[in-house]
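Student: Pasting the sequence and the predicted model now:
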Amino acid sequence: MRFRRRGRHPVLSSLLITLAIAGAWAIERWGPGLIPIDWSFGASGRLCDLDRVLDGDSLRLVCDGESVEVRLHCIDAPEKDQGPWGNRSRAHLKQIATARVEMRPIETDRFGRTVAEVYTAIGKRRSLNLEQIKQGEAAVYSRYCEESRFFRAERTARAESLGIWSTPGDHQTPWMYRRRH
């Protein structure tokens, strides 16, 4: 009497398992690089006028006549009193921000600010959040960010010693600076 094996094709099963493991490894290894760094969701936001750049990661916008304080999602810029770094970060954000922007709200923080990704609405569409990271004018706030494009942009800025990454110090981790002061 012959016993029949449950799996009819053990070689095929082994091959599928091997492919699944290899695929998982490849996604882990190269997956983040498959999505372009400038890519973002196409969801439209609110068109607003820029009222004022408060610091390197905060803006005041006027949206439909309403004043809205916005904290830029995924980033943390040096504080104003962190030597020249806070002023440089604010100046850079002021330089790249356009008079009209598109705000894509994500949540409201504990201070009542709208946490959002903000895009230029004049000329080429760019994320102000991502531009601050790319130029080394802010660090990724990893406690509140899970988007690989921000981490990749920061790695590049660090490798090129841009902005806050040109000199070591507290300005590289604004959250630690705030905790100590």
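Tutor: Okay, I see it.
Student: contacts and neighbour counts: CA atoms only from here.
Tutor: Fine.
Student: if I look at the residue most central in space within the chain, how far off is residue 131?
Tutor: Centroid check for the chain by Cα atoms, centre = their mean gives residue 150 as the closest residue, at 3.7 Å. For residue 150, the distance to residue 131 equals 9 Å [Cα to Cα, to the nearest Å].
Student: all helices of the chain, in order?
Tutor: 10-34, 83-96, 128-134, 148-159, 174-180 (DSSP state H).
Student: can you list those in CSV and add mean pLDDT and distance to residue 58?
Tutor: Output for the helices of the chain, formatted as CSV (pLDDT from 0 to 100; distance: least, Cα to Cα, whole Å):
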stretch, mean pLDDT, distance to residue 58
helix 10-34, 64, 28
helix 83-96, 96, 9
helix 128-134, 98, 10
helix 148-159, 97, 17
helix 174-180, 84, 14
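Student: highest average neighbour count across these?
Tutor: With neighbours taken as mean count of other Cα atoms under 10 Å, these reach their highest mean count in helix 128-134, at a mean of 25.
Student: Which strands and helices lie in contact with it?
Tutor: Packed against helix 128-134 by the contact rule (3 or more Cα pairs under 8 Å, 6 or more residues apart in numbering; DSSP states H and E) you find strand 75-76, helix 83-96, strand 114-120, helix 148-159.
Student: The same query, at a cut-off of 7 Å, please.
Tutor: Judged by 3 or more Cα pairs under 7 Å, 6 or more residues apart in numbering; DSSP states H and E, helix 128-134 is in contact with strand 114-120, helix 148-159.
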